[in-house]
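Undergrad: Pasted the sequence and its predicted model underneath.
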Amino acid sequence: MRQPRHETGLEGLRQELHAAQRDLALAYGRFNRAVDPELVESCVYRISAEQARCNYLIRAIRSGLGSGLEEETPWI
């Protein structure tokens, strides 16, 4: 489980992106081990969610955002 982040600015976003990429890799690992159809479906949704999270963080880093994001996004 992810620990709350206290960093702000671009460095905080980079750290959160690194954590999101780890979570995405874990989601792919779960998908590769899933055998039950319902678990496979759950893994697909998780992968999609983690990809969306990574994409958001990449866009935020590229645009130079970073101040005040902790209040807007619950996973940071």
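TA: Alright, I've got the coordinates. All figures in this text were calculated on a predicted structure; none of them were measured in a lab.
Undergrad: what ranges of this structure fall below the confidence cut-off?
TA: 1-8, 65-76 (pLDDT under 70).
Undergrad: can you map out the helices along it?
TA: Assigned by DSSP state H, the chain shows helices spanning 9-33, 37-63, 69-72.
Undergrad: Pipe these into a markdown table and attach mean neighbour count per row.
TA: Every residue, glycine included, has its C-beta placed from N, CA and C. Compiled in a markdown table, those are given as follows (neighbours: other CB atoms under 10 Å):
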| stretch | mean neighbour count |
| --- | --- |
| helix 9-33 | 15 |
| helix 37-63 | 14 |
| helix 69-72 | 12 |
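Undergrad: Hmm, residue 61 is touching residue 16, no?
TA: No - under the criterion of CB atoms under 8 Å, residue 61 is not in contact with residue 16, lying 9.4 Å apart.
Undergrad: contacting residues for the most centrally placed residue in the chain?
TA: Centroid-nearest residue in the chain: residue 20, 3.1 Å away (criterion: CA atoms, centre = their mean). Each residue near residue 20 by CB atoms under 8 Å, 6 or more residues apart in numbering is listed here: 50, 53, 54, 57.
Undergrad: which non-adjacent residue is nearest the third one?
TA: If the residues on either side of it in the chain are set aside, residue 54 comes closest to residue 20, at 4.8 Å by CB to CB, 6 or more residues apart in numbering.
Undergrad: Also the first one?
TA: Using CB to CB, 6+ apart and skipping residues adjacent in sequence, the residue nearest residue 50 is residue 24, 4.0 Å away.
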